[in-house]
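In: here is my input, please return the structure:
(one chain, ligands or ions: 1)
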Amino acid sequence: MTAAALAATARRLFTDGPPAWRLLQIYRPYICPFDVIIDAVPQGARVLDIGCGGGLLLGLLAAAGRIGGGIGFDTSVPAVELARGMAGRSFPGRLDFEALAVQDSWPEGTFDVVTAIDVLHHVPPSAQAGVVAQAAAKVRPGGLLLVKDMVTRPWWRAAANHLHDLVLARQWIHTPEGGDIVAWAGAAGLVLERERIDNVLWYGHRLQVFRKGGVAC
Ligand SMILES: C[S@@+](CC[C@H](N)C(=O)[O-])C[C@H]1O[C@@H](n2cnc3c(N)ncnc32)[C@H](O)[C@@H]1O
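Out: Below you'll find the predicted structure:
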């Protein structure tokens, strides 16, 4: 799956809604390695996507026939409306989206996979450990937590991402250290299975795949 192929799928999925929001979904695969994230999701998984934005990840996973179903939530009402429109047109009854913040009560149940893609750095540092613990609690025994965030080194890649969010989200972000995420997830009973860095243009991305012990997959 190339970035161009994922962008083409996004173009097919996001055919309605505010043009700027749609463009954001269509061009996001060129700056964020969605191919790597999709590859880390086991076939047939049921996924909870925290801070799902416009629903791009769940839409791409469903379009690839990768997941049985999914729920996404995000604090942004316009983003959730975009996601709901996409899901209603292309995957009726399979994907659900809710307007919620991480501070609210999360959707019921546990999931095969919980994903947090570029959301932790938008959460205040004092709340980040709690979000990882809550995400871990939503993973079924034997399931996975995927955390994709930005690198903190080298300084110029971190600076590029800060600038990106200052312009697009008008927010000064707080990118967590990879080691801190490992410690928070470990305290919640998850083990780091693998980690990788992908540099895309001037952005540096770190994907961490954690597994919850208990039952073999
Ligand atoms: C960089 S975007 C990533 C969106 C999506 N995960 C993706 O990769 O396309 C960060 C998202 O986190 C959401 N967000 C920020 N703070 C949040 C919070 N406290 N609770 C839930 N979502 C939040 C924003 O609204 C935004 O949609």
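
In: quick check, the host helix or strand of Gly85 touching the ligand?
Out: Following DSSP states H and E, the helix or strand that holds Gly85 is helix 77-90. Yes - Helix 77-90 reaches the ligand (Cβ under 6 Å from any ligand atom) through Ala79. In this view, the C-beta of every residue, glycine as well, is placed from N, C-alpha and C.

In: kindly report the same for stretch 38-49.
Out: No - judged by Cβ under 6 Å from any ligand atom, stretch 38-49 and the ligand are separated, with a smallest distance of 6.6 Å.

In: ok, residues contacting that stretch?
Out: 1, 55, 57-58, 60-61, 64, 66-73, 106-107, 111-115, 117, 138, 143-144, 146, 207, 209, 217 (Cβ atoms under 8 Å, 6 or more residues apart in numbering).

In: flag the shaky bits of this protein, pLDDT-wise.
Out: Applying pLDDT under 70 to the chain flags residues 214-217.

In: the ligand contacts on that one?
Out: 28, 51-53, 56-57, 74-76, 79, 101-102, 117-119, 122-123.

In: select only the buried ones of those in ChimeraX?
Out: To isolate the buried ones among the residues of the chain next to the ligand in ChimeraX, judged by 16 or more other Cβ atoms under 10 Å, type:
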select :28,51,52,53,56,57,74,76,79,102,117,118,119,122,123
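
In: among the residues of the chain next to the ligand, which are located in helices?
Out: Members of those lying in helices (criterion: DSSP state H): Leu56, Leu57, Ala79.

In: got the contact list for the first one?
Out: Leu56 is in contact with Ala10, Gln25, Arg28, Phe34, counting by Cβ under 8 Å, 6+ apart.

In: and these, which two are the farthest apart?
Out: Across those, the longest distance by Cβ to Cβ is 10.6 Å; it joins Gln25 and Phe34.

In: thinking again about what came up before, among the contacts of stretch 38-49, which are in helices?
Out: Among the contacts of stretch 38-49, DSSP H puts Leu57, Leu58, Leu60, Leu61 in helices.

In: ranking these by neighbours, who comes first?
Out: Taking other Cβ atoms under 10 Å as the neighbour criterion, Leu58 ranks highest of the ones in helices among the contacts of stretch 38-49 with 29 neighbours.

In: isn't that one up against Gly70?
Out: Yes - judged on Cβ atoms under 8 Å, Leu58 makes contact with Gly70 at a distance of 4.4 Å.

In: list residues touching both of these two?
Out: Val47, Asp49, Leu95.

In: just checking, the second one is part of a strand?
Out: Yep, that's Asp49 we're talking about. Yes - judged by DSSP: H, G, I helix; E, B strand; the rest coil, Asp49 forms part of a strand.

In: enumerate every residue touching the residue lying closest to it once chain neighbours are set aside.
Out: Ranked by Cβ to Cβ, 6 or more residues apart in numbering and with sequence neighbours excluded, the top spatial neighbour of Asp49 is Gly72, at 4.0 Å. Residues near Gly72 by Cβ under 8 Å, 6+ apart: 48-50, 52, 55, 57-58, 80, 83, 95-98.
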